[in-house]
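Engineer: this one's sequence-less:
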């Protein structure tokens, strides 16, 4: 071998060693650029934005009341369903079921709560535009809590009068629907104050980025070779980061990914009817019950966002994703591998037009992507847990 070739091999070996920081990573493995991954760390998460529609959103006393209401099974038609029935704290505030179950069975998967306050629209179809109004929907849904606002207002009057007064002022006389609705709305606003405090805990991936930022070189012992290769695919060839970006691994938008319809359920058009629903919602940002005073830019530009909305569903966060199977809006896929296979094939959408394109990933690459996704598990934190 010529001296020049020997020198070049030596230089290459040094460069690879610096990039991987460990002999566990062999030449030929994909190497992500730090600039492509640093913004995905929880350390890059900005301060929680205010909710102009809820003046008590960041009030500690409201959050304490909201926590009690979140777990109170009396806020249901049969006295056995609470918010925590589907949003189970020990399961990432979801239930692990294909379809949510309260007093009946819903037509969609229960969504997790952590980080939701960074979004502008809620539910899989975005039919609510605040966390407080989102909380009110299930309370009066006949297949979820199955009760009515008058009964819920009486629960507050009986069991939470002093705490209510501390936050919202004196409880009104409950002789009219307007008075009952005022208390009902404040139930939602207290629950939002609690839910805003439910956060993701740092994962192994976050420790990996933190150490990389600190040392200036890729850590040697936090992620293994397959996981690093999966990260490189995530921000590169697989293009997952186009929708699952930022510290929460979601753009909080709505996308048609061609997910198959669930057998025995009515056709689900996703975001399209959700746009109509939020525009006319009794409790939307422009309603008399909102504290926003006309500061409703998201609703103002909603028609523009509605383009291509048929069959589109909310892009969920991928944090803790390995811990909350099954997947998609109606639990259509049982495993992460099935989800990745679907994205790799990019089949035609049952409704509207899928935004996916075939990825051409090998079985090895799909396994690497799944390995990386499992590094995003860190659990959640919430007051009282």
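Structural biologist: The structure has been received and is ready for your questions. These figures come from a predicted structure and were not determined experimentally.

Engineer: Thought residue 191 was touching residue 56, still the case?
Structural biologist: No - shown here, residue 56 and residue 191 do not form a contact pair, counting by Cβ atoms under 8 Å, at 10.7 Å. In this view, the C-beta of every residue, glycine as well, is placed from N, C-alpha and C.

Engineer: From one end of stretch 105-114 to the other, what's the distance?
Structural biologist: 23 Å (Cα to Cα, to the nearest Å).

Engineer: Show me how the chain divides into domains.
Structural biologist: Per automatic domain parsing, the structural domains of the chain span 19-48+200-270+310-385, 60-195.

Engineer: Give me the neighbour count for residue 40.
Structural biologist: When neighbours are counted by other Cβ atoms under 10 Å, residue 40 registers 24.

Engineer: any idea how far it lies from residue 215?
Structural biologist: 18 Å (Cβ to Cβ, to the nearest Å).

Engineer: repeat for residue 152
Structural biologist: Taken as Cβ to Cβ, the span from residue 152 to residue 215 is 54 Å.

Engineer: neighbour-wise, which of the two wins?
Structural biologist: Applying other Cβ under 10 Å to residue 152 and residue 215 shows that residue 152 carries more neighbours, namely 24 against 11.

Engineer: measure that one to residue 235 for me?
Structural biologist: Residue 152 is 46 Å from residue 235, by Cβ to Cβ.

Engineer: Same question for residue 111.
Structural biologist: For residue 111 relative to residue 235 (Cβ to Cβ), the value is 25 Å.

Engineer: ok, the closest residue in space to residue 209 that isn't next to it in sequence - how many residues close by?
Structural biologist: Leaving aside its sequence neighbours, residue 209 sits nearest to residue 41 (Cβ to Cβ, 6 or more residues apart in numbering; 4.0 Å). By the criterion of other Cβ under 10 Å, residue 41 has 20 neighbours.

Engineer: and residue 128, what are its bridge partners?
Structural biologist: residue 122 (DSSP bridges).

Engineer: That one is in contact with residue 122, isn't it?
Structural biologist: Yes - assessed by Cβ under 8 Å, residue 128 is found in contact with residue 122 at 4.4 Å.

Engineer: which neighbours do those two share?
Structural biologist: Here residue 128 and residue 122 have residue 134 as joint contacts, going by Cβ atoms under 8 Å, 6 or more residues apart in numbering.

Engineer: do you know how far the nearest residue to residue 356 once chain neighbours are set aside is from residue 74?
Structural biologist: Nearest residue to residue 356, sequence neighbours excluded (Cβ to Cβ, 6+ apart): residue 346, at 3.7 Å. Separation of residue 346 from residue 74 (Cβ to Cβ) stands at 47 Å.

Engineer: cool, residue 289 as well?
Structural biologist: 23 Å.

Engineer: more crowded one of these two?
Structural biologist: residue 289 (21 against 17).

Engineer: show me where the stretch 151-300 of the chain has helices.
Structural biologist: 161-168, 177-195, 204-215, 225-235, 271-279, 297-300 (DSSP state H, counting those that start in this stretch).

Engineer: Repeat that for the stretch 1-150 of the chain.
Structural biologist: Under DSSP H, counting those that start in this stretch, the stretch 1-150 of the chain gives helices at 3-20, 34-37, 60-70, 83-86, 131-140, 149-159.

Engineer: Flag whichever of these has the least confidence on average.
Structural biologist: Note on the helices of the stretch 1-150 of the chain: helix 3-20 shows the lowest mean pLDDT, a mean of 37.

Engineer: if we can go back for a sec, can you say which of the helices of the stretch 151-300 of the chain is nearest to residue 88?
Structural biologist: helix 177-195 (13.9 Å; Cβ to Cβ).

Engineer: buried stuff in that closest one?
Structural biologist: Within helix 177-195, the residues scored as buried using 16 or more other Cβ atoms under 10 Å are 180-195.

Engineer: In terms of secondary structure, what does that helix contact?
Structural biologist: helix 60-70, helix 131-140, helix 149-159, helix 161-168 (3 or more Cβ pairs under 8 Å, 6 or more residues apart in numbering; DSSP states H and E).

Engineer: Need those in TSV (columns: distance to residue 221).
Structural biologist: Shown next, in TSV, are these (distance: least, Cβ to Cβ, whole Å):
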stretch	distance to residue 221
helix 60-70	39
helix 131-140	39
helix 149-159	52
helix 161-168	48
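
Engineer: Which among these is found nearest to residue 264?
Structural biologist: Closest to residue 264 of the helices and strands packed on helix 177-195, according to Cβ to Cβ: helix 131-140, at 22.0 Å.

Engineer: which strands and helices sit next to that closest one?
Structural biologist: Secondary elements touching helix 131-140 (3+ Cβ pairs under 8 Å, 6+ apart): helix 83-86, helix 149-159, helix 177-195.

Engineer: quick one: the residue nearest to residue 356 and residue 359 touch, right?
Structural biologist: Yes - in this structure, residue 346 is within contact of residue 359 by Cβ under 8 Å, at 7.2 Å.

Engineer: quick one, which of the two is more surrounded?
Structural biologist: residue 359 (18 against 15).

Engineer: Where does the closest residue to residue 239 other than its chain neighbours sit: helix, strand or coil?
Structural biologist: In space, and not counting its chain neighbours, residue 239 is closest to residue 359: 7.4 Å by Cβ to Cβ, 6+ apart. Recorded secondary structure, residue 359: coil (DSSP: H, G, I helix; E, B strand; the rest coil).

Engineer: hang on, the earlier thing: now distance to residue 295 too, for the helices and strands packed on helix 131-140, in JSON lines please.
Structural biologist: As requested, the helices and strands packed on helix 131-140 are exported to JSON lines (distance: least, Cβ to Cβ, whole Å):
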{"stretch": "helix 83-86", "distance to residue 295": "27"}
{"stretch": "helix 149-159", "distance to residue 295": "26"}
{"stretch": "helix 177-195", "distance to residue 295": "16"}
